[in-house]
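Participant: Okay, predicted coordinates and the sequence, questions at the end:
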Amino acid sequence: MNRVTKLAAVSVLMASAWWPGTSLANDLFNVSVTSSGATASAGFNTAQQALDQLKSGNLNSILPAYTTSSIASGTIDYRGLQVLASYPTTGTALVFQVPSIGINQTFTGATRDQSQQQLVDFLKNNGVYGKIMKQLAAVSPVDPVAGNPSSLMSQMVGNDFSSAFATTPGTINLSSGMTHGNTIGVGLAYGHFSQSSTSVDSMTLPLSYNVNLDSGYQIHFDLPLTYVDTNGAKSGAAAFGVGVTIPVNEHWSLTPRISAGAVGSLDLASAAVMTAGSVTSAYRMPIPGDMAVTIGNMAGFAHSVDVTIGSYSVNPNISNGFIKNGAMLAVPAGKFGITGGYLEGTEFQFFLTDTRFFGTKLYEDNHQELGFSFGSPTETFFGKALLAGLTYVHAQHSNGVIANLGWRF
């Protein structure tokens, strides 16, 4: 957490040396510094790049006229958030501003280094960086916590919704209690997104365990592990969820769930923990031709909690209600002439979902998914349940494709 808060300071201090060059539109951090009539600009994508530049020299390596008593000002595009900093006089006073959230502070130490340290202390001890993180969820297309389809909160909501369909309503035998014993699920999902022209790649390992109880009741345990590369900036996330499927009748089930997730990235200077609770209704309607339509409706609430590492604590105070609605059409593969051997019992599943958030302002407050999967939701494919699929994700400023493979045994 110390490195996270120091990055926020590093990004706005004029005593660091950024390589001169062209600032690209899709760089995650862009800075422009002016002193003595000269201006230098550069863009970078990770915190480590900023820290490395801090070690390599100071502003006069790219602004030769700069000295430690020069008047200087800087404008920083901090993952979509405008941050301003300046030495408005020849003295040591450092002015730090984030206009969109009303931050305007002046730090005056015996030296400029001490003024910079006062800024670091201000960020880590006054909950200020939590406010910055909250605003980043509203203005950044690539925030790892919330506000886009690849963020932790969106992924938690998607996983909770999918878990409610782990056992499709209508396949449960209410009289005998179970269709099969307890099951373990593993899989792999690769996603590629373009989020406001920024490339985001994700890899998820979904792990699950289902406990089958009497009369069709089930307990679901899920632990998806996710790695995300955002223009070279790395982040990792994990979420643990528990749900109970309650059969209302042979076609309809309800699944209440609770989950908790964490995401962290030194490269993006971000860390957060979120919790969520939801209830999902799933209703399966058989239709002629051995096909079926499943309607899913979910409502829930997610919010962030304090992250404490040593003496440092940060909380972006993100709180959002959410709904997710979807429909899935299951069609036997035989309808497409795919029959015989291990392909018996396989099916295509075509689905469409819509996800919406309410509450804390987000960069993307809704997104849609359109996709299909192929395989067997029951243990008929090589004696296992196996599904492979492809999903297209769309939001106002984001588009992406997710390829996934899931195996239950």
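Facilitator: It's in.
Participant: Break down the stretch 201-350 of the chain into its strands, ranges please.
Facilitator: Secondary structure of the stretch 201-350 of the chain (DSSP state E, counting those that start in this stretch): strands at 218-230, 233-247, 252-265, 270-287, 291-305, 307-309, 312-314, 319-332, 347-359.
Participant: Is it possible to get a markdown table of these that adds mean neighbour count and distance to Tyr190?
Facilitator: In this view, the C-beta of every residue, glycine as well, is placed from N, C-alpha and C. Listed next are those as a markdown table, based on neighbours: other CB atoms under 10 Å; distance: least, CB to CB, whole Å:
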| stretch | mean neighbour count | distance to Tyr190 |
| --- | --- | --- |
| strand 218-230 | 19 | 10 |
| strand 233-247 | 19 | 15 |
| strand 252-265 | 20 | 18 |
| strand 270-287 | 20 | 22 |
| strand 291-305 | 19 | 24 |
| strand 307-309 | 15 | 28 |
| strand 312-314 | 19 | 30 |
| strand 319-332 | 18 | 21 |
| strand 347-359 | 18 | 18 |
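Participant: which one of the ones you listed lies closest to Thr339?
Facilitator: Across the strands of the stretch 201-350 of the chain, Thr339 has its closest neighbour in strand 319-332 (9.0 Å, CB to CB).
Participant: what pLDDT, on average, does that closest one get?
Facilitator: Average pLDDT, strand 319-332: 95.
Participant: how far off strand 291-305 does it point, in degrees?
Facilitator: 160 degrees (axes from the mean of the first three to the mean of the last three CA atoms, to 10 degrees).
Participant: of the strands of the stretch 201-350 of the chain, which approaches Leu152 most closely?
Facilitator: strand 252-265 (4.2 Å).
Participant: now that closest one, how far from the centre of its chain.
Facilitator: Distance, stretch centre to chain centre, for strand 252-265: 14 Å (CA atoms, centre = their mean, to the nearest Å).
Participant: same question, stretch 362-371
Facilitator: How far stretch 362-371 lies from its chain's middle: 12 Å, per CA atoms, centre = their mean.
Participant: how about that stretch: buried residues?
Facilitator: In terms of neighbour count (16 or more other CB atoms under 10 Å), stretch 362-371 has its buried residues at 362-367, 369, 371.
Participant: gap between the residue nearest to Gln105 when sequence neighbours are not counted and Val120?
Facilitator: Excluding the flanking residues, the one nearest Gln105 by CB to CB, 6 or more residues apart in numbering is Phe96, at 5.1 Å. According to CB to CB, to the nearest Å, Phe96 stands 11 Å off from Val120.
Participant: So the two - more neighbours on which side?
Facilitator: Phe96 (24 against 18; other CB atoms under 10 Å).
Participant: Surely that one is in a strand?
Facilitator: Yes. Judged by DSSP: H, G, I helix; E, B strand; the rest coil, Phe96 forms part of a strand.
Participant: What's the first helix or strand after the strand or helix carrying Ser376?
Facilitator: Per DSSP states H and E, Ser376 falls inside strand 366-381. For strand 366-381, the succeeding helix or strand toward the C-terminus, using DSSP H and E, is strand 384-394.
Participant: Just the C-alpha atoms of that following strand, please, in CSV.
Facilitator: The C-alpha trace of strand 384-394 is given here as CSV (Å, rounded to 0.1, in the frame of the first residue of the first chain):
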residue,chain,number,x,y,z
LYS,A,384,-18.1,-35.9,-18.0
ALA,A,385,-20.0,-32.6,-18.4
LEU,A,386,-18.1,-30.5,-20.8
LEU,A,387,-19.0,-27.1,-22.4
ALA,A,388,-17.0,-24.8,-24.7
GLY,A,389,-18.3,-21.4,-25.7
LEU,A,390,-17.7,-18.0,-27.2
THR,A,391,-19.2,-14.7,-25.8
TYR,A,392,-19.3,-11.2,-27.3
VAL,A,393,-19.4,-8.4,-24.7
HIS,A,394,-20.6,-4.9,-25.6
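Participant: In terms of secondary structure, what does that strand contact?
Facilitator: strand 183-195, strand 366-381, strand 398-408 (3 or more CB pairs under 8 Å, 6 or more residues apart in numbering; DSSP states H and E).
Participant: Distance check, Val145 against Gly37.
Facilitator: In terms of CB to CB, Val145 sits 40 Å off from Gly37.
Participant: who has more neighbours, these two?
Facilitator: Legend: neighbour count by other CB under 10 Å for Val145 and Gly37, higher for Val145 (30 against 7).
Participant: ok, now which ones touch the more buried one?
Facilitator: 133, 136-137, 151-153, 263, 270, 272, 274, 304, 316, 318 (CB atoms under 8 Å, 6 or more residues apart in numbering).
Participant: Quick one, which of the residues you listed has the minimum pLDDT?
Facilitator: Lowest pLDDT among the contacts of Val145: Ser270, 88.
Participant: before we move on, what SS does Pro149 have?
Facilitator: coil.
Participant: May I have the phi/psi pair for it?
Facilitator: phi -60, psi -20 (degrees, to the nearest 10).
Participant: So for it, what pLDDT did the model give?
Facilitator: So, for Pro149, pLDDT stands at 94.
Participant: what's the answer for Gln82, then?
Facilitator: In this prediction Gln82 is given a pLDDT of 89.
Participant: Report the beta-bridge partner residues of it.
Facilitator: Asp77 (DSSP bridges).
Participant: Surely it and Ile76 touch.
Facilitator: Yes. Taking CB atoms under 8 Å as the definition, Gln82 is a contact partner of Ile76 at 7.3 Å.
Participant: more crowded one of those two?
Facilitator: Set Gln82 next to Ile76 and count neighbours by other CB under 10 Å: Ile76 wins out with 20 against 14.
Participant: quick revisit: mind putting the contacts of Val145 into JSON lines with distance to Thr108?
Facilitator: Shown next, in JSON lines, are these (distance: CB to CB, whole Å):
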{"residue": "Met133", "distance to Thr108": "27"}
{"residue": "Leu136", "distance to Thr108": "28"}
{"residue": "Ala137", "distance to Thr108": "32"}
{"residue": "Ser151", "distance to Thr108": "38"}
{"residue": "Leu152", "distance to Thr108": "38"}
{"residue": "Met153", "distance to Thr108": "39"}
{"residue": "Val263", "distance to Thr108": "36"}
{"residue": "Ser270", "distance to Thr108": "29"}
{"residue": "Ala272", "distance to Thr108": "32"}
{"residue": "Met274", "distance to Thr108": "38"}
{"residue": "Ser304", "distance to Thr108": "33"}
{"residue": "Pro316", "distance to Thr108": "29"}
{"residue": "Ile318", "distance to Thr108": "33"}
